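A.B. asks: what follows is a predicted protein model with its sequence.
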Amino acid sequence: MSKVNVNKVKAAGDVELKEKVVSINRVVKTTKGGRTFSFSALVVVGNENGVVGQGLGKAKEVQEAITKGIEDAKKNLVKVPIMHGTIPHDQLGKAGAAKVLIKPAAHGAGVIAGGSMRAVLESAGVTDVLAKSLGSANPHNVVKATIKALGLLREPIQVAKTRNIKLSKVFNG
């Protein structure tokens, strides 16, 4: 159940974040008095300029669950290095049984990704990327694996410092 509900919210540092509701789940708890219904909402927020986060909200009402999810997502923001609209290198991310593979793509390729991965990549501001979901299709784990993969990306400057080489040599050598 992939919804794209986009609203603008303000984060702690006055960065304008856009929210996307990835999935809403109705949960039933059976008690002595009958069934109690509640909702859980998986939400992704991002400024479409290299910052993205995910959150889970649970409540008796859908709107309240989404609001809680947004608040949780603001606490779990990750900085993503973006170069010319794409990511700097291939990366594999894993969460639970879900694995995701993200690869840089040529300008104009677009976001080639499925469902919940697409919401994360678009919220991060990546415009050209090839992505493949391997393993479980559970939206919670796919979103976590995608954010983990984006968090593991390194900028070329970091790579050059780590290897003690010039920046031009990172691209050529």
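C.D. replies: Thanks, I have the structure now.
A.B. asks: helices along the protein, start to end?
C.D. replies: 62-74, 115-124, 139-152, 156-163, 167-172 (DSSP state H).
A.B. asks: in CSV: those, plus mean neighbour count and distance to K103.
C.D. replies: The C-beta positions use only the backbone N, C-alpha and C, and glycine is treated the same way. As requested, the helices of the chain are arranged in CSV below (neighbours: other C-beta atoms under 10 Å; distance: least, C-beta to C-beta, whole Å):
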stretch, mean neighbour count, distance to K103
helix 62-74, 19, 25
helix 115-124, 25, 12
helix 139-152, 22, 11
helix 156-163, 13, 16
helix 167-172, 11, 17
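A.B. asks: closest to E19 out of those?
C.D. replies: helix 62-74 (5.3 Å; C-beta to C-beta).
A.B. asks: what does the closest one contact?
C.D. replies: Helix 62-74 is contacted from outside by 5, 9, 11-12, 17, 19, 21, 24, 38-45, 53-59, using C-beta atoms under 8 Å, 6 or more residues apart in numbering.
A.B. asks: re the thing from before, which one of the helices of the chain lies nearest to G93?
C.D. replies: Nearest of the helices of the chain (C-beta to C-beta): helix 139-152, 2.7 Å.
A.B. asks: list the helices and strands that closest one packs on?
C.D. replies: Counting contacts by 3 or more C-beta pairs under 8 Å, 6 or more residues apart in numbering; DSSP states H and E, helix 139-152 packs against strand 16-31, strand 34-46, strand 51-59, strand 77-79, strand 91-95, strand 98-104, helix 115-124.
A.B. asks: give me the phi and psi for H84.
C.D. replies: phi 50, psi 40 (degrees, to the nearest 10).
A.B. asks: hang on, A109 packs against A131?
C.D. replies: No: applying C-beta atoms under 8 Å, one finds A109 not in contact with A131, separated by 11.1 Å.
A.B. asks: so which of the two has more stuff around it?
C.D. replies: Neighbours per residue (other C-beta atoms under 10 Å) separate A109 from A131, with A131 holding more: 21 against 14.
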